[in-house]
Every structure is written in C-alpha cells, then in structure tokens.
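K.L.:
kindly return the folded structure for what I paste below:
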Amino acid sequence: MPSLPPNPVSEWSNYFESTISKPLHPLFSTLEPYLPKTGRAADLGCGVGHAVVWLAEKGWQVEAIDGHSQALKIAESRLSADAKERVTLTQTMLEDLGLEPGSYDLVVAAYSLFFVESKEVLTSVWTTIRESLNSGGLFLFELLGPRDDWSNDLLSHDRVEVDALLAGWEVLHFEEVEQDGHTSQGTPKHWHVFHVIARKVPSSISRHPAINF
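P.N.:
Just a heads-up that it's a prediction; the model follows:
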C-alpha cells in the first residue's frame, strides 16, 4: 500500500481525535431530500465515520474506506450493534480503489479527493467512482479551489476544471465557499472549497468527455 498522504496540519492520529466531536457537515442535510430510503453507499476517505454512522443508522449498507487503520477502528467503535451489521470496513488508498461497477446508490468523498497524488490519478479515480454508481446514483464531494491555503501542497481545481469534471452529471447542489476560518484543530486557515452534490444521469443522455487538466 502506498504511504499515507501528508496531513497539512498535524499527525493523522491527532487529526482523527480532533474530529470525533465535530458535527456532520451541513452538506448532508442538503443531500438528505435526494436520498432513497435505503441503499448501498461507499464513503471514500471516511475518517472517523460521521457519514458512515449517519447512513448506517438510516438502514443503508455502507462500505467505509480509508487508508488509515486508526480511522476505521474509530469509525467502527462509533456504530451501534445493529448498524455495525450493515458496515464493511476497507483499508485502501483512493488511488487503489476497486469499486464494483453499478453497485452503489451513493458515493461520498467528503474532503478526501484533494489528497489524491495527482490530477492524472484523480481522473482515474473519478472514472472508477462514476462507473461504480447505479444510474441515478448520487455523488457528494468537495474539491479545493486555487486560493485555498493548502493548494500548494494538495490538489486544487479552478471553476473551469470543476465544471469539466461535472460534464455529463446532473448537478443538484453547487456551492463555492471562500472565507477565513480554522481547521478542526483550531489552526487559522483560508478556505476555498467547492461543495457539490451530483447525480449520475443515464448513459444514453450523458455526454462524458475525456477530462484534461
């Protein structure tokens, strides 16, 4: 397995501990009206499992995927006995994703895609995600904008590049946020983030050109 990407703030173990008490991101409230009652989801870079817990408690089957064993152990520890029956834990890097085509009703990549090692690799990961979704499946994700404080160390995309990635998708929610704030550990940070919820449209009406950055 490739080495874990560097955390731009601190050690990963400290990051995980600092996020356990954080609430589920508001983007999931925006997602909720679009969700079927139950389904199958993959959470890519699940961290300590906020979305995993939320979905499993709703009755969803969830594959929790992260490159760090500590994250998966924490996520598992937060599940009720009933919810735990519906969750599969998978330790792998996003670069090595092996998602089965046409198997998911939802893919979540919350604050994880920009840790992929290059835009070329992200193109491959993106294709894997798209193919893993059922027709009408939902995709929730974030990407960093070029003015984010982490843009020199992690992947960032401008609006044109984000629009290119979304060609052939039905965009249900798109929000570009740029503001001063803090990391989960209280470090001051300038954020420039695209928050997106998109739906995979049937291939017969989709136009999904090659992605070139």
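K.L.:
what sits against the residue nearest the centre of the chain?
P.N.:
Centre of the chain computed as the mean C-alpha position; nearest residue by C-alpha atoms, centre = their mean is Ala109, 0.7 Å away. Contact criterion C-beta atoms under 8 Å, 6 or more residues apart in numbering gives 44-45, 94, 129, 139-142 as the residues in contact with Ala109. (Glycine included, C-beta is placed from N, CA and C.)
K.L.:
can you list the residues you listed in TSV and add neighbour count and secondary structure?
P.N.:
Listed next are the contacts of Ala109 as TSV, based on neighbours: other C-beta atoms under 10 Å; DSSP: H, G, I helix; E, B strand; the rest coil:
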residue	neighbour count	secondary structure
Leu44	25	strand
Gly45	23	coil
Leu94	23	helix
Ile129	22	helix
Phe139	22	strand
Leu140	24	strand
Phe141	23	strand
Glu142	18	strand
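K.L.:
Ala75: which of those is nearest?
P.N.:
Distance to Ala75 across the contacts of Ala109 (C-beta to C-beta) is lowest for Gly45, with 11.3 Å.
K.L.:
so which bits of stretch 144-163 are buried?
P.N.:
The neighbour-count check on stretch 144-163 (16 or more other C-beta atoms under 10 Å) flags 144-145, 148-151, 154-157, 161-162 as buried.
K.L.:
hang on, the earlier thing: now for the contacts of Ala109, which pair is the farthest apart?
P.N.:
Comparing every pair within the contacts of Ala109 by C-beta to C-beta identifies Leu94 and Leu140 as the most remote, at 14.9 Å.
K.L.:
how many other residues sit next to Val177?
P.N.:
12 (other C-beta atoms under 10 Å).
K.L.:
do the same with the one 5 residues further on
P.N.:
His182 is flanked by 10 other residues according to other C-beta under 10 Å.
K.L.:
who's it bridged to?
P.N.:
His182 forms beta bridges with Pro188, as assigned by DSSP bridges.
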